[in-house]
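Only the shape, not the letters, is given here:
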């Protein structure tokens, strides 16, 4: 740009045409304004359709046969008072672009070239003379001979013309062109006929995001000589326009028609580059309208640019953005006027309008997985790296814009995007991010609005609450399992302990037995010794009796010891053993008292187990019953009757004594109560009845539960 | 003429005391005392006592095993068991092994002497509990041992009657009165019952050995 400006500044002021020619040369050298990328042209194959002259179709088609020189082509009579036209169809419908057209007049005859002509385009399916045509105002033109000037869309050629070739370039033409028409104007004093030996066309892709380029422009007042409103959008920094009079003030305006309502990013205002009257670009009022700005229509956006009266350097471009004005930065019509007191304001070399452009989207690949497209992305946890493809908006001429990107939250620094559009990032820590990408317009200005795509990087599995809860549950389950195993082990240990206790029981029984053996045999020995003493040393009456008591006490002690050992010995935990023992102690108890003891006992018993404390309680109750009989019944005979009717064990003591009444009073009553409570403790009961034949019957009944 | 006895008792103080008591009177003369069944087995055949008092609970060889061994070599020797306990399984095992009765150690010594004398005289002490066991024993498995002597394998009617009365607690005299026989005859019956018990249990043991039962 600086180079451009410097060069322009050095240019001397010359006639406008030559300046244009010079400007063209400079443009060819450094590129067109606002077109940083110049692409090569594509040939447009033309087909001759028809002409208003009498030229035969065969002759007319000679003008598109690829042979530049010769005596054949489209002949237009020199002496005519009407406009003659020829129609050429493009072989394909043309995309948007500039058309470059070469017109060759190489018949060899002097002055056989068009002196005044214009170019029109059509979008008709079949181009014809009667079709709808639109005249285009060439922005570029040149001739190998003479000079071309433009006059209201017409090009006029002056000077000596022998074998000239004209080069005409149109401004940006929207897509859809199907044909061209050449109009040749009369009255230029050509003696013979003009012969167009060849017409050749080429389309130049337009590589700009400037939507104002080539758009229709009008001015509120007719402009001065040599100026046209289109100069503002012709892409040439060398052309410019200003009000025709110094005192029009803000009554004068230029008005661009962008052809559609566009949401804008920025507007560029270029000052003239030759350094003359650069102060005329100041206090520029910019107004955007959605509808044609007739009286009463309010602008949607308004800005006063350089309100302070300052003005840009020669050739400098001012960028006006949304923030500079009020309202919504959009519209179809852009009206430019000036509030500057400087005469001939506003003076503009170029007006460029840039539509807001945002990348249509981004493709995200996490690791090797391409994520489904969307307006936001959930990055799988643990993706080692991320790859983004920043899509380019579809633009005329397959223009690829410069792009930059960043991930807000990671770095606020913008990073360049290669032309492939692919950028990569290392894995992101869990969190929320905003992937951002913005586009660079062809004037190297970055678009204000950027693409913003939220990225969600979830917590890794093991950090998520649900997973943690699950993990916790798993832990609990595991702990429970372990606890269960431990409990089982404990149970096993307990069983072992119980077995050990059984051992212990056996051991206790053994100890009791050993004690019985030792103590018992000493007591037995004592008893025998007492007998020996009594025999060897006869004592008188009283002393002898007391010695006898000593022996009896020893015997009683042995008997009680015997009973204790019987009670603790687990081997006696059976019904047969219990039955035998009851008979034994009854016999032992009653025999010394001289009471006849009868037994009604089955010879065989089922091997029913009897818990030791049941055994013990029953034994005590039984002895109580025996004592009652012995002390109170005054019986001479006692019969024991033992029966087992599952599950009850029944012990009956029948005597032939005095009967019941005595049993229910005094000590006998206490004994009965003792028996009852003892048996109740083991689920049994006790009954005392009178026998019809006299005497009493005591029944002890205990259920023996099978374990 | 005193009854010549030997005693097998590992409780030395008791044995000595009892021996001293025997020496006070003339009915019983204890000629030998052994502390183990093994020693007794070796020396008893030469001593040939009338009767031997055997403690059931002996170290090593039990009193029951001793009885069954000595009965093989000296069938006529009377064995009276001495026991601390009224523990019928052991007592009954001893009787089956060939003992002709038992005495509790806590029995007053003069009754022990009386028991020895009675045994020598052909008496056979038997408690009602033991009587019931004998009945039960012969009631069970009558089919098992039709071996040595059929007559020895079953109880005679009179024997059964004696046992029935005995098991109900009747005294020998009462039994004799009831059955119209002498107490001597009652004793004979019981002695024979003891023999049958011994024979039968031996036959059973042999049969068991041969795998017949």
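The structure has been received and is ready for your questions. Since the model is a prediction, treat every value here as computed from it, not as a measurement. Numbering: from 1, shown residues only, chains lettered A, B, ... in the order given.

How about the contacts made by residue A:126?
A:49, A:89, A:178 (C-beta atoms under 8 Å, 6 or more residues apart in numbering or on different chains). C-beta coordinates here come from the backbone N, C-alpha and C atoms, glycine included.

For these, give me TSV that also has distance to chain B and secondary structure.
Output for those, formatted as TSV (distance: C-beta to the nearest C-beta, whole Å; DSSP: H, G, I helix; E, B strand; the rest coil):
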residue	distance to chain B	secondary structure
A:49	132	strand
A:89	127	strand
A:178	124	strand
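
Give me the next element, helix or strand, following the helix-or-strand element of chain B with minimal mean pLDDT.
The weakest-scoring helix or strand in chain B, judged by mean pLDDT, DSSP states H and E, is helix B:150-153 (a mean of 67). Next in sequence after helix B:150-153, counting helices and strands by DSSP states H and E, comes helix B:157-167.

Please name every helix or strand in contact with that following helix.
helix B:128-139, helix B:172-179, helix B:183-210 (3 or more C-beta pairs under 8 Å, 6 or more residues apart in numbering or on different chains; DSSP states H and E).

Output the ones you listed as JSON lines; include the columns mean pLDDT.
Compiled in JSON lines, the helices and strands packed on helix B:157-167 are given as follows (pLDDT from 0 to 100):
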{"stretch": "helix B:128-139", "mean pLDDT": "84"}
{"stretch": "helix B:172-179", "mean pLDDT": "89"}
{"stretch": "helix B:183-210", "mean pLDDT": "81"}
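
So which of these is the most surrounded?
helix B:128-139 (a mean of 22; mean count of other C-beta atoms under 10 Å in any protein chain shown).

And whatever helix or strand residue A:623 lives in, what's buried?
Residue A:623 belongs to helix A:612-628 when assigned by DSSP H and E. Neighbour counts over helix A:612-628 (16 or more other C-beta atoms under 10 Å in any protein chain shown) mark A:612, A:614-626, A:628 as buried.

rewinding a little: ok, which of the helices and strands packed on helix B:157-167 comes nearest chain A?
Nearest to chain A, of all the helices and strands packed on helix B:157-167, is helix B:128-139, at 4.3 Å by C-beta to the nearest C-beta.

can you tell if that closest one touches chain A?
Yes: counting by C-beta under 8 Å from any C-beta of the partner chain, chain A has neighbours in helix B:128-139: B:128-129, B:132-133, B:135-136, B:139.

With respect to residue A:259, which of those is nearest?
Of all the residues of helix B:128-139 next to chain A, residue A:259 sits closest to residue B:136, with 128.8 Å by C-beta to C-beta.

which residues sit in contact with that closest one?
Residue B:136 neighbours (C-beta under 8 Å, 6+ apart): A:603-604.

Counting neighbours, what do you get for the closest residue to chain B within the stretch 151-300 of chain A?
Relative to chain B, the nearest point of the stretch 151-300 of chain A is residue A:263 (114.3 Å; C-beta to the nearest C-beta). As a burial measure, residue A:263 scores 14 neighbours (other C-beta atoms under 10 Å in any protein chain shown).

what about it, which SS state?
Under DSSP: H, G, I helix; E, B strand; the rest coil, the three-state class of residue A:263 is strand.

any idea how far it lies from residue B:163?
128 Å (C-beta to C-beta, to the nearest Å).

Residue A:160 too?
173 Å.

between those two, who's got more neighbours?
residue B:163 (25 against 9).

Isn't the more buried one up against residue B:193?
Yes: in this structure, residue B:163 is within contact of residue B:193 by C-beta atoms under 8 Å, at 6.7 Å.

what sits in contact with each of these two?
Joint contacts of residue B:163 and residue B:193 (C-beta under 8 Å, 6+ apart) are B:134, B:155.

ok, the closest residue to residue A:86 other than its chain neighbours - contacts?
Distances taken as C-beta to C-beta, 6 or more residues apart in numbering or on different chains place residue A:51 nearest to residue A:86, at 4.0 Å, with adjacent residues excluded. Counting by C-beta under 8 Å, 6+ apart, residue A:51 makes contact with A:60, A:74, A:84-87.

Need the pLDDT of residue B:170.
Residue B:170 is assigned a pLDDT of 89 by the prediction.

What of residue A:254?
At residue A:254, pLDDT is 95.

In contact with it, which residues?
Counting by C-beta under 8 Å, 6+ apart, residue A:254 has contacts A:217-220, A:229, A:232, A:241, A:335-337, A:346, A:348, A:351.

just residue A:302 next, same as before
Applying C-beta under 8 Å, 6+ apart, the residues contacting residue A:302 are A:285-288, A:325-327.

Most neighbours among those, which one?
residue A:288 (27 neighbours).

Can I take it that that residue is in a helix?
No: counting by three-state DSSP, residue A:288 is not part of a helix but strand.

Just list the residues touching it, thanks.
Residue A:288 touches A:264, A:299-302, A:327, A:329-331, A:333-335, counting by C-beta under 8 Å, 6+ apart.

Got the phi and psi for the spatially most central residue of chain A?
Centroid check for chain A by C-alpha atoms, centre = their mean gives residue A:378 as the closest residue, at 2.5 Å. Residue A:378 has phi and psi values of phi -100, psi 110 when expressed as degrees, to the nearest 10.

Please name the bridge partners of residue A:389.
residue A:363, residue A:422 (DSSP bridges).

what's the residue of the stretch 151-300 of chain A closest to chain B in contact with, if anything?
For residue A:263, the contacting residues are A:329-330, A:355-356, by C-beta under 8 Å, 6+ apart.

repeat for residue A:426
Applying C-beta under 8 Å, 6+ apart to residue A:426 gives the contacts A:385-386.

what phi and what psi does the backbone show at it?
Dihedral angles (degrees, to the nearest 10) for residue A:426: phi -70, psi 170.

Please name the bridge partners of it.
For residue A:426, the beta-bridge partners are residue A:385 (DSSP bridges).

do you know how far it is from residue A:382?
13 Å.

Residue B:29 now?
Relative to residue A:382, and taking C-beta to C-beta, residue B:29 is found at 106 Å.

Comparing those two, which residue is more hemmed in?
More crowded of residue B:29 and residue A:382, by other C-beta under 10 Å: residue B:29, with 16 against 12.

Measure how far the helix or strand hosting the more buried one is from the centre of its chain, please.
Assigned by DSSP H and E, residue B:29 belongs to strand B:28-34. In this view, strand B:28-34 has its centroid 18 Å away from the chain centroid, taken as C-alpha atoms, centre = their mean, to the nearest Å.

same check, this time on stretch A:134-144
56 Å.

Touching, residue A:81 and residue A:186? I think so.
Yes: with contact defined as C-beta under 8 Å, residue A:81 reaches residue A:186; the gap is 5.3 Å.

The two - which one has more neighbours?
residue A:186 (17 against 6).

and the gap between the nearest residue to the more buried one once chain neighbours are set aside and residue A:307?
Distances taken as C-beta to C-beta, 6+ apart put residue A:80 closest to residue A:186, at 4.8 Å, once the chain neighbours are dropped. Using C-beta to C-beta, residue A:80 is found at 56 Å from residue A:307.

and residue B:67, that one's in a helix?
Yes: the assignment for residue B:67 is a helix, going by three-state DSSP.

Please give me every residue in contact with residue A:343.
A:246-247, A:280.

Give me every residue in chain B lying close to chain A.
B:11, B:13-14, B:17-18, B:20-21, B:24, B:57, B:84-86, B:88, B:105-106, B:108-110, B:127-129, B:132-133, B:135-136, B:139-140, B:167-170.

on that earlier part again, and the pLDDT for the residue nearest to the centre of chain A?
For residue A:378, pLDDT reads 86.

Likewise for the one 4 residues further on?
Residue A:382 carries a pLDDT score of 72 in this model.

Could you grab the helix/strand/coil label for it?
Recorded secondary structure, residue A:382: coil (three-state DSSP).

measure it to residue A:374 for me?
With C-beta to C-beta as the criterion, residue A:382 and residue A:374 are 20 Å apart.
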